[in-house]
Structure formats: structure tokens, C-alpha cells
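Student: got a predicted model here, sequence first, then my questions.
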Amino acid sequence: MNIDEFNISEDSVKELLLKYAMKIENIVPSIKKTHSIYIDLAKPLDFCLSKIDDSFKNKLSGYCIYVIKINEKISNKNLKTYKLKKYNSENSIKLPQINDTNIESKYLYVGSSKNIKTRLKQHIGKVPKGTYSLRLKDWFLGEIHIDIYCFHNNQDEVQIIEDLLWEKLKPIFGRQGKK
């Protein structure tokens with residue numbers, strides 16, 4: 001059986017990059033912040049979760065990208081608590097990776113979701129077992145700010161934007177690329 005080989009050439013790579021550039025060009029006009037939420041994690045969990053509920057009275061459609069940030073760099077105490085929770089072998093919770101090269105960032109996490117309300121609640125602390133999330137209430141008691149951008153594009157296009165934001169903001173937690 002003769003199988004045609006696909007040769008990666010400079011021209012084929014340029015063609016693919018041009019296709020992505022055209023997709024991004026079509027996405028850029030639709031980028032706008034749809035929500036901003038401030039949450040004081042020193043407050044009780046129910047209060048923090050209600051802040052998310054109050055922010056989403058109407059159901060959002062499409063994919064949303066969210067950026068979780070803090071006002072100042074993360075303290076060594078908070079980071080140590082996070083690492084203890086993450087690396088405790090008796091602990092079965094799933095926490096995102098720590099990006100040691102980004103430790104000075106004020107950005108904690110960049111992510112995307114089609115069900116933004118549920119996903120943000122997971123990051124605050126209402127999490128089913130086996131789900132990767134920050135579980136902020138377990139280790140961080142400061143104020144967080146969450147910016148949300150919603151899109152009516154497909155998941156691949158939203159992933160491109162998320163990856164570009166991740167590269168620019170360099171969050172402390174999580175990873176770049178499709179999760």
C-alpha cells in the first residue's frame with residue numbers, strides 16, 4: 001500500500017499560519033470584557049459563591065475566558081500552603097501546576113469554560129473530587145479579581161486567544177494549551 005507522505009515545508013507552515021492569522025483577525029473585534037468580579041476570600045464560602053451567582057443572573061452562551069488576579073504578588077506563606085496541599089501524598093485533591101518562572105506575577109490563572117459560573121465556583125472551593133481547580137478558599141484569604149470575556153467563536157478559536165493571554169500574562173498556576 002502506498003501512503004502519501006505529508007512534507008512540512010516552509011510554504012505549508014506559512015499557509016497554516018496565515019489561516020490562523022485570518023481566524024484571529026475575525027475574533028479580535030468580538031473581544032470585550034463582559035464581567036468583572038471582586039471577591040474577598042476571607043469571607044465565608046457561601047458569601048464568596050453568592051458573589052459569583054449575583055454576577056451571572058442571565059445565562060451566558062458561548063465560551064468564556066477568565067483571568068484570576070490579585071493586587072500584589074502572592075505571599076510565600078500562601079505559596080507554601082498551596083504546595084503542601086498539592087504535594088501531600090495522602091491528599092487526593094487535584095491542583096494545577098505551579099509555574100515557578102512566573103512566581104512574581106499578579107495573575108493566578110487563565111482559563112476558559114463553556115459553563116463559566118460552575119467553573120469559577122470550582123476555583124473558589126466548591127469542587128467535585130477529581131477536578132483540577134485552584135480551590136482558593138483552602139489556601140488564599142485575600143481579595144481576588146476575576147475578568148471574564150465571552151465569545152461566540154468555536155472552542156479552537158477561543159483556545160488560541162486563551163493561549164495568547166497565557167503567554168502575555170504568565171500566570172502562576174495552570175498550563176498553556178488545551179487542558
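Tutor: Thanks, I have the structure now. Numbering: from 1, shown residues only.
Student: just give the number of residues close to residue 39.
Tutor: As a burial measure, the neighbour count of residue 39 was computed by other CB atoms under 10 Å and equals 23. C-beta here means a position set from N, CA and C on the backbone, and glycine is covered the same way.
Student: what of residue 56?
Tutor: When neighbours are defined as other CB under 10 Å, residue 56 has 16 of them.
Student: what of residue 154?
Tutor: Around residue 154 there are 11 other residues, counting by other CB under 10 Å.
Student: quick one, helices of the chain?
Tutor: In the chain, the helices defined using DSSP state H lie at 10-27, 45-55, 76-87, 116-124, 155-169.
Student: from residue 127, how far off is the most centrally placed residue in the chain?
Tutor: The central residue of the chain, meaning the one whose C-alpha is nearest the mean C-alpha position (CA atoms, centre = their mean), is residue 111 at 1.7 Å. For residue 111, the distance to residue 127 (CB to CB, to the nearest Å) stands at 14 Å.
Student: could you do residue 13 as well?
Tutor: In this view, residue 13 and residue 127 are 40 Å apart by CB to CB.
Student: for residue 114, give me the backbone phi and psi.
Tutor: In terms of degrees, to the nearest 10, the main-chain angles of residue 114 are phi -90, psi -30.
Student: ok, it - contacts?
Tutor: 62, 63, 64, 155 (CB atoms under 8 Å, 6 or more residues apart in numbering).
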